[in-house]
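Student: build me a model:
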Amino acid sequence: MLKLQNLEKFYNKNRNNEIHVINDINLELPQTGLVVLLGPSGSGKTTLLNVLGGLDKLNQGVIDFDGTVIDKYRSSHWDDIRNEHVGYIFQNYNLLNNLSVYDNIAMTLNMVGIIDKEEIDNRIDYILSNIGMINYRRRKAGQLSGGQQQRVAIARALAKNPKVIIADEPTGNLDSKNTYDIMNILRNISKTKLVVLVTHEENIASLYADRIIRLKDGQIVSDVENKSIGGVDVQLDTDIYLKDLNAVTAFEENNHSFQVFSDEKIDANFNVRLIVKNKTLYVQVDSNKYKRVNLLDHSSEVKIFDAHYENEVFEEFTDINFDLDSVIDESKQQQKRAVISTKEAFKLAFNRFKDPSRTSKFIYAMFIVIAGFVAIAISMIFNVYSIDPLDFMNEPLDTVSFKLDGLTFDEIMALEDEPSIGYYNMAGDVNFNVVLPTVFQRIYGDRGVMIMAALNDTYLDSSKIIYGDPIAHQNELVLNKVLLENMMENSSYQSLGITSVQDFLNIDIEYEVENVDGTKTKIKATIVGIIEESNPVFYAKEETIWMMKTGIGIYDVFEDDITLTAGTLPLDNRELIVRENDLYIPGTTVNSVTITDTAIEATGTFTAADTVPDFLVNLDVLKEAYFNNNYVQPDEVVSLIANDVDESIDVLLADYGIDAVNSYKTLFATYRQMQIVNGLGTLMFGAVFLGASSISAFFIL
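Tutor: Down below sits the predicted model:
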């Protein structure tokens, strides 16, 4: 089963305090039998046991585990072997006290991929029946005695039907009677499996072992078949033998007696009251030294004997016909499943908080404090590094900017033919007013004014609209939720009953368009949708945006609202039409309108309602006039909206020699640097918080 060749292990190797804990050990262990590793503390027996189970690694040597040769330690390899073929029994049981006996064992089966309830029930019931624990199947592990908990630990180790059982001082915390019971179980298990047990008790080894291997200073000093028969006494810790104690005092009166026995010198300066009421005996002790009082009756586990203890020696084993293979269905296995489901994990966590001890309460409180510190520290650091474009941007995120440097309008417009470039964008922000009742306009002045960057509606992602609809017509707008929330901080909107961004839907906004005589026509637009995104813009059709920016009427917006009375429509560059009057007569010398310092010829007249401006121009004409009036210096900055920012920058440089930048990336880098500089103190404070919390958590754990 197990072959060990030239095993070597050191602690603090090549140092002054080097310990050679395993020194050239060679062993061959059989398929079955009870092998005891015997030796004093520090002899290396527990380390050797951990090496056999893959819990500790070697400096040198080879282990052959049932045909699998292991010459280099790999934790994942050992995990597979241990999960399937090795069962562990610990001195301190290592059960989950808040779980039942059944759940403790079932969890081990889940670890090896056994999730079929019928298969789990068959295995658990069979094992518990054979070790005398079937009646405790649903009892919480924390409610069991030490001997009972160790039996459950044995059942847990056996449930997956391992090839090797490793037991590290399994009786170290048990009284003699429970020691006998546990060793009797292990002895019977060793008939069909290899049991490797560590102990320092000679009588256990001599009575139960098939083979005794003695270790000293990391070396095997003897390896013998055990032929001797010893014995073990079976006194229970719960048994009290009065004649082995000191009788401190005794009092008798009217055939009733009061006696005090003790196994140590006691302080007699305290009072005891015995009170009988309603067939109930009450005991009151006014001493702080003796805080625990056990009242014994016929159902108590503690037994009183008016005699001296006499050694009883058990030299015969109780036979257990243990054959787990007979109830195992190997087909009931499923790999790669979580050992503990999310529901079970929450259940375990909740149970840990029920009736905690004082120590547990302190630990929970400390973890809550640490969690608070960690949350504060992380939030501080996050606030420094968390940057929202809305914090520093006031133009579209896909804006690509470059200096004009002599480029003409036609050259700028030609760039729109590049697939990576969208369109030439206006400079600056757009102003418009929310239509408030007259009284509010007078009281609050220009508080209804909105100033926002605009983006062509072809870039609108309709899936991000949270309220309302996409843009379908001219003079329809979709606004950004966050920008609206910022505006709502103005009390005038709240006074109008606008308490949420959704209330802005279908509210009219207003902007002005110039007339020939210097007056202005008010144009109304409607908020039809609200979008949630980090792009600091509103969306509208391009013609609407240019009218709001320049205050010039565009023919395409009003073509369905006018009737041409003379001349032709403004279809070519540098053409416009005017409202019919005596000032502008097509074909005469008085036939032009000056737009942004550019004279545009009137080619026709129209009639329309008063809501239509007095003159209308073609969009391309307006763009050129605006460009010629505003971009006159070489260092003027032109903005384009890119379909692909990085590609457009590369294309502009490679094909046109234009050195362009993405406004967002440039501003982001500057803003982040400013944030880090301003938040340096916060970062340091957060780092100290995290470090202190981590150290505290480490020591608490």
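Student: okay, and for the stretch 101-250 of the chain, where does confidence drop off?
Tutor: 228-238, 247-250 (pLDDT under 70).
Student: I577 contacts Y555, correct?
Tutor: Yes: using CB atoms under 8 Å, I577 is in contact with Y555, at 6.9 Å. C-beta coordinates here come from the backbone N, C-alpha and C atoms, glycine included.
Student: shared neighbours of the two, which are they?
Tutor: 569-570, 616 (CB atoms under 8 Å, 6 or more residues apart in numbering).
Student: follow-up on the earlier one: so between I577 and Y555, which is more surrounded?
Tutor: The neighbour comparison of I577 against Y555 (other CB atoms under 10 Å) goes to I577, with 29 against 22.
Student: return the residues in contact with the more buried one.
Tutor: Going by CB under 8 Å, 6+ apart, the list of residues near I577 reads 555, 562, 564, 567, 569-570, 602-606, 615-616.
Student: now the strands for the stretch 401-550 of the chain?
Tutor: Assigned by DSSP state E, counting those that start in this stretch, the strands in the stretch 401-550 of the chain fall at 421-425, 430-434, 449-456, 465-468, 476-480, 508-514, 520-531, 537-540.
Student: need the winner for burial among those.
Tutor: strand 537-540 (a mean of 27; mean count of other CB atoms under 10 Å).
Student: can I get the strands of the stretch 401-550 of the chain in a markdown table with distance to S222 and mean pLDDT?
Tutor: Shown next, in a markdown table, are the strands of the stretch 401-550 of the chain (distance: least, CB to CB, whole Å; pLDDT from 0 to 100):
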| stretch | distance to S222 | mean pLDDT |
| --- | --- | --- |
| strand 421-425 | 88 | 89 |
| strand 430-434 | 96 | 80 |
| strand 449-456 | 88 | 84 |
| strand 465-468 | 81 | 94 |
| strand 476-480 | 84 | 93 |
| strand 508-514 | 98 | 88 |
| strand 520-531 | 84 | 92 |
| strand 537-540 | 87 | 92 |
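Student: you'd agree D429 is up against V449?
Tutor: No: at 10.9 Å, D429 does not count as touching V449 under the criterion of CB under 8 Å.
Student: the stretch 601-701 of the chain: strands as residue ranges?
Tutor: 615-617, 637-642, 661-662.
Student: partner strands of the second one, parallel or antiparallel?
Tutor: Read it as strand 637-642. According to DSSP bridges, strand 637-642 forms sheet pairs with strand 399-403 (antiparallel), strand 421-425 (antiparallel).
Student: can you list the buried residues in the first one?
Tutor: Spelled out, it's strand 399-403. 399-402 (16 or more other CB atoms under 10 Å).
Student: again, but for stretch 172-184
Tutor: 173-184.
Student: repeat that for stretch 196-216.
Tutor: Neighbour count says stretch 196-216 has 196-199, 201, 204-216 buried, by 16+ other CB under 10 Å.
Student: same question for stretch 1-21.
Tutor: For stretch 1-21, using 16+ other CB under 10 Å, the buried residues are 1-2, 4-5, 7-10, 19-21.
Student: just stretch 626-644 next, same as before
Tutor: Quick answer for stretch 626-644 (16+ other CB under 10 Å): 626-627, 631, 638-644.
Student: thinking again about what came up before, turn the buried residues of stretch 1-21 into TSV, including distance to D223.
Tutor: TSV is the format used below for those (distance: CB to CB, whole Å):
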residue	distance to D223
M1	16
L2	14
L4	12
Q5	15
L7	14
E8	18
K9	19
F10	23
I19	23
H20	19
V21	18
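Student: adding secondary structure, write those out as TSV.
Tutor: Converted to TSV, those look like this (DSSP: H, G, I helix; E, B strand; the rest coil):
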residue	secondary structure
M1	coil
L2	strand
L4	strand
Q5	strand
L7	strand
E8	strand
K9	strand
F10	strand
I19	strand
H20	strand
V21	strand
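Student: out of the residues you listed, flag the one nearest to Y136.
Tutor: Using CB to CB, M1 comes nearest to Y136 of the buried residues of stretch 1-21, at 32.1 Å.
Student: the closest one against P30, yeah?
Tutor: Yes: using CB under 8 Å, M1 is in contact with P30, at 6.0 Å.
Student: for the two, list the residues in contact with both.
Tutor: With CB under 8 Å, 6+ apart as the test, M1 and P30 both reach L194.
Student: quick one: buried residues of the longest helix seen in the chain?
Tutor: Ranked by residue count, the top helix of the chain under DSSP state H comes out as helix 358-385. Buried residues in helix 358-385, counted by 16+ other CB under 10 Å: 370, 373-374, 377, 380-381, 384.
Student: hang on, the earlier thing: V86: which of the strands of the stretch 401-550 of the chain is closest?
Tutor: Per CB to CB, nearest to V86 of these: strand 465-468, 57.3 Å.
Student: next one: that closest one to chain centre, how far?
Tutor: Here strand 465-468 is found 31 Å from its chain centre; the criterion is CA atoms, centre = their mean, to the nearest Å.
Student: residues touching it, excluding its own?
Tutor: 478, 481, 501-502, 505, 527-532.
Student: out of the residues you listed, who's nearest D244?
Tutor: Nearest to D244 among the contacts of strand 465-468, with distances taken as CB to CB, is E532, at 81.7 Å.
Student: helices along the stretch 451-600 of the chain, start to end?
Tutor: With helices called from DSSP state H, counting those that start in this stretch, the stretch 451-600 of the chain shows them at 481-488, 491-495, 542-550, 555-558.
Student: could these go into CSV alongside distance to S100 and mean pLDDT?
Tutor: Compiled in CSV, the helices of the stretch 451-600 of the chain are given as follows (distance: least, CB to CB, whole Å; pLDDT from 0 to 100):
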stretch, distance to S100, mean pLDDT
helix 481-488, 52, 83
helix 491-495, 59, 65
helix 542-550, 70, 91
helix 555-558, 77, 91
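Student: tell me which of those sits most buried.
Tutor: helix 542-550 (a mean of 22).
Student: pull the residues that contact that helix.
Tutor: 423, 426, 428, 430-432, 454, 456-457, 474-477, 511, 513, 523, 525, 540, 552-554, 556-557, 596, 619, 622-623, 626.
Student: now swap in stretch 207-218 and tell me
Tutor: 9, 20-23, 25, 27, 33-40, 43-45, 47-48, 183, 186-187, 190, 197, 205-206, 220-226, 229-232, 315.
Student: again, but for stretch 53-65
Tutor: Contacts of stretch 53-65 (CB under 8 Å, 6+ apart): 1-10, 13, 22, 25, 47, 50-52, 69-71, 73, 75, 78-79, 81-82, 85-86, 88, 164, 166.
Student: recalculate using a threshold of 6 Å.
Tutor: 3-10, 50, 70-71, 73, 78, 81-82, 86, 166 (CB atoms under 6 Å, 6 or more residues apart in numbering).
Student: stretch 520-530 now?
Tutor: 465-469, 475-479, 481, 501, 504, 507-515, 613.
Student: can you check the pLDDT for G87?
Tutor: Per-residue pLDDT puts G87 at 92.
Student: so it is in contact with I165, correct?
Tutor: Yes: here G87 reaches I165: they are 4.8 Å apart, a contact under CB atoms under 6 Å.
Student: what about I105, helix or strand, and which?
Tutor: helix 101-111 (DSSP states H and E).
Student: relative to the whole chain's centre, how far out is that helix?
Tutor: Distance, centroid of helix 101-111 to centroid of chain: 26 Å (CA atoms, centre = their mean).
Student: what does stretch 660-668 give?
Tutor: Centre to centre, stretch against its chain (CA atoms, centre = their mean), the figure for stretch 660-668 is 34 Å.
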